[in-house]
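Participant: missing the sequence, but the structure's below:
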Ligand SMILES: C[S@@+](CC[C@H](N)C(=O)[O-])C[C@H]1O[C@@H](n2cnc3c(N)ncnc32)[C@H](O)[C@@H]1O
């Protein structure tokens, strides 16, 4: 923190080097709350007025945020209403972003120019604070932005780097009680903390923040046109929900009392674009680490979300998780999941995620994702005369009566729970009674469970119809999308990387559905 007015004003107009110097000089003070408070008070007093919006802009913003709050709290009851709500939210946010543009322009979280231009300051800061890395460096890789490169041949299981706890940004750093209690999920606490640090010119984390991307490909950055391209897909509902949640949190934070916020000029500087950046930074880069401090009231999980500088430059490839928090050394350690030749990109495995999750939360997809799945929503109708019996049998199978069940890639196609649900759904009363009283009810989860031919045939017929309907909801056929994707990959059609990701996502989802449909057809014939 700057300790006097002169120093602060000087920094305001300084280049990065000046800020970095200041950050290094003050890094040991970041946990000293009395000097923090005193410095913050000075900051508030001397905050240049140009950062503030005009009174007219503030009045309009205030009204728009009121409208946004009303809109996000409307409960929708079908996909059409959800979509209309999304459009309304986007329209309000668009005007909010226009009004807040001066705040965005002045926001110090924006890396100055090319990200790699900030790399030396990052390394200096990271090394001074205990980062241990040899044989690995941050560099650019086409299609990935930044990534980690092996600077010599590396063998599987070799330790790649160690990152001390001091360099790990988590809720255990300075989150005030109000913020801590407000956000349940650890990653939302962390996003708030990052946002506050990004607004400080002299944050301890500045060299790290300056190396982060300026924007992301998460759904929070999708245009309405891009979101439209997800119509019919499995990912749409979750994507809209995410946009609505972050719009709601933005509006709620806007109304927080200044006295509760751990930064004096926060209310003047806070804006939507900064919030979606912070949330997206956390979503695309977080890792879970064990708590090092005792749990407080309301803390349920033993792990917390954390941003881990340097580690978070590694891109994803299928494999196994090789990053661990070493409690003895209090370091995050990562080992090589395979052999690497000098100059090759080093990948880590982010964990099992569907392409829908990857696209919504991580802003990329994995074309050969072995963990991909497509959900089908199924539920029992309370007006069904056999509702109670079906519900009872489903309970015996530990399947909720309203479920999202999974269609899987080859060679599985239909998950055991989906198959069992559809079997139960198609049983007559006699069959339900039989299976409720059978010790072998769990056999219904197995593909080759001995069932009456008529029930088996109804089951596969039902699955065929559902899969066909899911494919028909898309405005474009699989063949049309595949053709378009081939043209994009051959560079015969120009498309933004985000639009190409959405197109490829649709292709992958439809391929899973189409392959499962073929399988269901074969089973019907059998
Ligand atoms: C933890 S960061 C990795 C570093 C990042 N590439 C950067 O430039 O800062 C995760 C982000 O990297 C990109 N990424 C990671 N793995 C990828 C992959 N297999 N394909 C494409 N992009 C990937 C995505 O943008 C993702 O949100």
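Facilitator: Good, I have the coordinates. Owing to the predicted nature of the structure, the values given are computational and were not obtained by experimental measurement.
Participant: check which helix or strand covers residue 524.
Facilitator: Counting by DSSP states H and E, the element that carries residue 524 is helix 497-525.
Participant: what packs against that helix?
Facilitator: Packing contacts for helix 497-525, counted by 3 or more C-beta pairs under 8 Å, 6 or more residues apart in numbering; DSSP states H and E, involve helix 224-228, helix 355-357, strand 374-379, strand 402-407, helix 453-473, helix 478-489. Where C-beta positions appear, they are placed from N, C-alpha and C, glycine not excepted.
Participant: Now it: buried residues?
Facilitator: 498-517, 519-521, 523-524 (16 or more other C-beta atoms under 10 Å).
Participant: can you check stretch 232-250 too?
Facilitator: 232-240, 242-244, 246-250.
Participant: same thing with stretch 171-185?
Facilitator: 171, 172, 173, 175, 179, 180, 182, 183.
Participant: same thing with stretch 347-367?
Facilitator: 347-348, 350, 353-366.
Participant: do the same with stretch 135-144
Facilitator: Of the residues in stretch 135-144, 135, 136, 137, 138 count as buried by neighbour count, 16+ other C-beta under 10 Å.
Participant: Just to check, the first one is in contact with residue 149?
Facilitator: No. With contact defined as C-beta atoms under 8 Å, residue 135 and residue 149 do not form a contacting pair (9.6 Å).
Participant: List the contacts of residue 516.
Facilitator: Contacts for residue 516 were tallied using C-beta atoms under 8 Å, 6 or more residues apart in numbering; they are 407, 408, 413, 414, 463, 467.
Participant: rerun at 10 Å
Facilitator: Residue 516 sits next to 374, 376, 407-410, 412-414, 418, 463-464, 466-467, 470-471 when contact means C-beta atoms under 10 Å, 6 or more residues apart in numbering.
Participant: Any quick PyMOL command for the buried ones out of those?
Facilitator: Burial among those is assessed by 16+ other C-beta under 10 Å; the matching PyMOL selection reads:
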select buried, resi 374+376+407+408+409+413+414+418+463+464+466+467+470+471
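Participant: I'd like the distance between the residue nearest the centre of the chain and residue 215.
Facilitator: The chain has residue 361 as the residue nearest its centroid, 2.4 Å off, counting by C-alpha atoms, centre = their mean. Distance, residue 361 to residue 215, using C-beta to C-beta, to the nearest Å: 15 Å.
Participant: that older thread, next, see if the helix holding residue 524 gets close to the ligand.
Facilitator: No. Against the ligand, helix 497-525 shows no contacts by C-beta under 6 Å from any ligand atom, the least distance being 8.7 Å.
Participant: I figured residue 177 hits residue 261, correct?
Facilitator: No. Between residue 177 and residue 261 there is no contact under C-beta atoms under 10 Å: 11.9 Å.
Participant: Report the contact partners of residue 299.
Facilitator: 171, 180, 184, 186, 291, 293.
Participant: wait, what's in contact with residue 301?
Facilitator: 185, 186, 288, 290, 291, 295.
Participant: By neighbour count, which of the residues you listed wins?
Facilitator: Per-residue neighbour counts (other C-beta atoms under 10 Å) across those peak at residue 186, which has 23 neighbours.
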